[in-house]
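A.B. asks: I need the structure of the sequence given here:
(2 chains)
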Amino acid sequence: MTSASSRSAIAVTGLRKSFGDKVVLDGIDLDVREGTTFSLLGPNGAGKTTAVRILSTLIGFDGGQARIAGHDLATEPDAVRAAIGVTGQFSAVDDLLTGEENLVLMADLHHLGRAEGRRRVAALLDRFELTEAARKLVSTYSGGMRRRLDLAMTLVGDPHVIFLDEPTTGLDPRSRRVMWQIIRELVAGGVTIFLTTQYLEEADELADRIAVLDHGKVVAVGTAEELKRGMPGGHVRLRFGDLAGLDAAASALGGVSRDDEALTLQVSGDGGVPALRALLDRLERAGIEVDELSVHTPDLDDVFFALTGHPTTEETVR
Amino acid sequence: MSDAVTMVRRNTKHTLRNPSAVIMTIGMPVVLLLLFVGVFGGALNTGLPAIRRDGDYIDYLVAGILLMTVGYGSTTTALAVNRDMTEGVINRFRTMAISRASVLTGHVVVSTVRTLISAFLVIGVAMLLGFRPTGDPVRWLAVIGMLALLALALSWLAVAVGLLARTAEGTSPFVLIVQVLPFLSSAFVAPDAMSAPVRWFATHEPFTPIIDTLRGLLLDTPVEDSGVLAVAWCVGLGLVGYLWARALFRRDPSR
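C.D. replies: Sure, this is the predicted structure:
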């Protein structure tokens, strides 16, 4: 999943964008290494889609700098466009054409030539399980099929950097798994993925690095592990053989929550090695035997709540 | 350039897959043709200047009906462009390293060709109804040229309208203008027969010289200076439409 590369596929500094007097992006910095998956995580209205629209050359920006695949976003938009592929939140497919015609249209616009175009279209239809529906009008496709066709169209041009704006929003769990698998394959093939999502699970599953965006600002950035570390919500669970052990431990440690039925104690902490060692030392000195020990790190939901003060599901009016 | 060809192919497929657009484009003009020839023709004939001594009302009428056909054709284009803009596929084109103008060029080329085909179908129907146009091939070439120029001009305007409108309903003012203006022109009766303010409007609006030019060319009668006016109006409207559409398309998309 991680591949260390020293080159930036996306380098953004101080990116700003306002619509009227509403500040949507308030000076964000991002650095995405080549061949990695980067996830921009945030609730609706945080500015994720605006960020993607700017970085994919769709709309302009008010301040800051951005380089995509080595090209300056403001001065070389066509070079950027040649290097990227975009699959937005709303399917960018031509309803009045068949799935195959949509892909051929892309092949033609990328000047692939007839033979190479046909070959790539057939391969993509096969890979995205659309061969059967290839000759049907896209207006008859299901949501999952449209999303797959959308991504297939993005891939016709062999982009180096792919922007995926909430690629699984509105998909059923199976389609979501399929999409995740495809994204992993793309990264394995050396593509850089810039993914926005409001699902913490998705960022956790896919992303090498995550930036948490809230009200137009990046409030945290790091790997999923880094973000979770030191966050409230982490705890150590200790299970004991009998109630006597539980009692002894509870009095030795003090200030812990106990569950008499399960014979467990829950000790707050980040689960780091020094803290664990100190905990075990105290139990050792008190002569208490522990049956089982498990460390619970906070999940990204805890992280998100801690960083922004509100849960991810909050709807913000744009 | 090759991007424009690809876009023309795309829009052609849309048209072929949705032939109702062509049927609608010729349907309304043909109905008007039948209505005015069969119902009002006899009454209107007496109020017309002697355009041709042996002329029937239908000979007078066809030029105006052709203009309406081109008008209806362009409203289809406004809807098609608007549909494109609201469907998201346009955002894909915008993020690709292709000629941006090709998207609009594709619409305009297909719109012009489709409209010309509709116009010829309408001429065919008119001839079945007794329309007797000129046999002069040079004049026919001029008719085709005039229709093509008009179709091009209205197509660019329609593209701009399609880009401007937030929804399909937003194109309706354009549809209304294109449908009503011919009635206030020399399409059905000569402006001389109208009341003074309407006459002033009818003489000075762009459709009148265009209709007069088409009529003169079709019937082998003098075109006079309406030819120059007609070309000037078409070039002017086309240019306005083109520049407007270009400016609108360069804006950041709002959806």
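A.B. asks: what comes up buried for the longest helix anywhere in chain A?
C.D. replies: Among all segments of chain A classified by DSSP state H, the helix with the greatest residue count is helix A:173-188. When neighbours are counted by 16 or more other Cβ atoms under 10 Å in any protein chain shown, the buried residues of helix A:173-188 are found to be A:175, A:176, A:178, A:179, A:180, A:182, A:183, A:186, A:187. All C-beta atoms are positioned from the backbone trio N, CA, C, and that covers glycine.
A.B. asks: Stretch A:153-161 now?
C.D. replies: Buried residues in stretch A:153-161, counting neighbours by 16+ other Cβ under 10 Å, are found at A:153, A:154, A:155, A:156, A:157, A:159, A:160, A:161.
A.B. asks: What sits closest to residue B:143 if chain neighbours are left out?
C.D. replies: Across the structure, with Cβ to Cβ, 6 or more residues apart in numbering or on different chains as the measure, the residue nearest residue B:143 apart from its sequence neighbours is residue B:217 (4.9 Å).
A.B. asks: Find the nearest non-adjacent residue to residue B:3, please.
C.D. replies: In space, residue B:3 comes closest to residue B:102 once its chain neighbours are excluded; the distance is 3.8 Å by Cβ to Cβ, 6+ apart.
A.B. asks: Kindly report the same for residue B:98.
C.D. replies: Leaving out its chain neighbours, residue B:98 is closest to residue B:3 (Cβ to Cβ, 6+ apart), at 4.6 Å.
A.B. asks: Now for that neighbour, how many residues are close by?
C.D. replies: For residue B:3, the number of neighbouring residues by other Cβ atoms under 10 Å in any protein chain shown comes to 21.
A.B. asks: Which phi and psi values does residue A:162 adopt?
C.D. replies: Per-residue torsions, residue A:162: phi -120, psi 130 (degrees, to the nearest 10).
A.B. asks: Roughly how far does it sit from residue A:50?
C.D. replies: 18 Å (Cβ to Cβ, to the nearest Å).
A.B. asks: shaky segments in the stretch 101-250 of chain A?
C.D. replies: Judged by pLDDT under 70, the stretch 101-250 of chain A has its weakly predicted residues at A:230-233.
A.B. asks: can you tell me the helix or strand for whichever residue of the stretch 101-250 of chain A sits closest to chain B?
C.D. replies: Across the stretch 101-250 of chain A, the shortest distance to chain B (Cβ to the nearest Cβ) belongs to residue A:108, at 4.3 Å. Residue A:108 is part of helix A:99-109 when elements are defined by DSSP states H and E.
A.B. asks: neighbours around the closest residue to residue B:118 other than its chain neighbours, how many?
C.D. replies: In space, not counting the residues next to it along the chain, residue B:118 is nearest to residue B:25; the distance is 4.3 Å by Cβ to Cβ, 6+ apart. Residue B:25 has 27 neighbouring residues, counting by other Cβ under 10 Å.
A.B. asks: who are the neighbours in contact with residue B:25?
C.D. replies: With Cβ atoms under 8 Å, 6 or more residues apart in numbering or on different chains as the criterion, the residues that contact residue B:25 are B:69, B:72, B:73, B:76, B:114, B:115, B:118.
A.B. asks: Surely it is in a strand?
C.D. replies: No - the assignment for residue B:25 (DSSP: H, G, I helix; E, B strand; the rest coil) gives helix, which keeps it out of a strand.
A.B. asks: Chain B contacts on chain A?
C.D. replies: A:56-60, A:78-79, A:81-82, A:84, A:86, A:88, A:90-97, A:101, A:105, A:108-111, A:137, A:153-154, A:157 (Cβ under 8 Å from any Cβ of the partner chain).
A.B. asks: who in the stretch 151-255 of chain B is up against chain A?
C.D. replies: Listed as neighbours of chain A in the stretch 151-255 of chain B under the rule Cβ under 8 Å from any Cβ: B:252, B:253.
A.B. asks: Let me see the ranges of the helices in the stretch 201-318 of chain A.
C.D. replies: Assignment of helices within the stretch 201-318 of chain A using DSSP state H, counting those that start in this stretch yields the ranges A:224-228, A:243-253, A:273-285, A:300-308.
A.B. asks: Any chance of CSV for the buried residues of helix A:173-188, columns distance to residue B:235?
C.D. replies: Compiled in CSV, those are given as follows (distance: Cβ to Cβ, whole Å):
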residue, distance to residue B:235
A:175, 53
A:176, 55
A:178, 54
A:179, 51
A:180, 56
A:182, 51
A:183, 52
A:186, 50
A:187, 54
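A.B. asks: still on that earlier bit, could you check which helix or strand contains the closest residue to the residue of the stretch 101-250 of chain A closest to chain B other than its chain neighbours?
C.D. replies: Nearest residue to residue A:108, sequence neighbours excluded (Cβ to Cβ, 6+ apart): residue B:6, at 4.3 Å. Residue B:6 is part of helix B:2-17 when elements are defined by DSSP H and E.
A.B. asks: what separates that helix from the chain centre, distance-wise?
C.D. replies: 20 Å (Cα atoms, centre = their mean, to the nearest Å).
A.B. asks: Likewise for stretch A:190-204?
C.D. replies: The gap between where stretch A:190-204 is centred and where its chain is centred comes out at 2 Å by Cα atoms, centre = their mean.
A.B. asks: in that stretch, what's buried?
C.D. replies: Buried residues in stretch A:190-204 (16+ other Cβ under 10 Å): A:191-200, A:202-204.
A.B. asks: Out of those, which sit inside helices?
C.D. replies: Assigned to helices by DSSP H, the following of these qualify: A:200, A:202, A:203, A:204.
A.B. asks: thought residue A:136 was touching residue A:98?
C.D. replies: Yes - judged on Cβ atoms under 8 Å, residue A:136 makes contact with residue A:98 at a distance of 5.9 Å.
A.B. asks: When these two are compared, which one has more neighbours?
C.D. replies: Summary of the neighbour comparison: residue A:136 and residue A:98, criterion other Cβ under 10 Å, with residue A:98 having more neighbours (21 against 14).
A.B. asks: And the pLDDT at that one?
C.D. replies: The confidence metric pLDDT takes the value 95 at residue A:98.
A.B. asks: isn't it right up against residue A:137?
C.D. replies: Yes - applying Cβ under 8 Å, one finds residue A:98 in contact with residue A:137, separated by 5.7 Å.
A.B. asks: And the host helix or strand of residue A:115, what does it pack against?
C.D. replies: Following DSSP H and E, one finds residue A:115 within helix A:114-127. Applying 3 or more Cβ pairs under 8 Å, 6 or more residues apart in numbering or on different chains; DSSP states H and E, we find helix A:114-127 packed against helix A:99-109, helix A:143-155.
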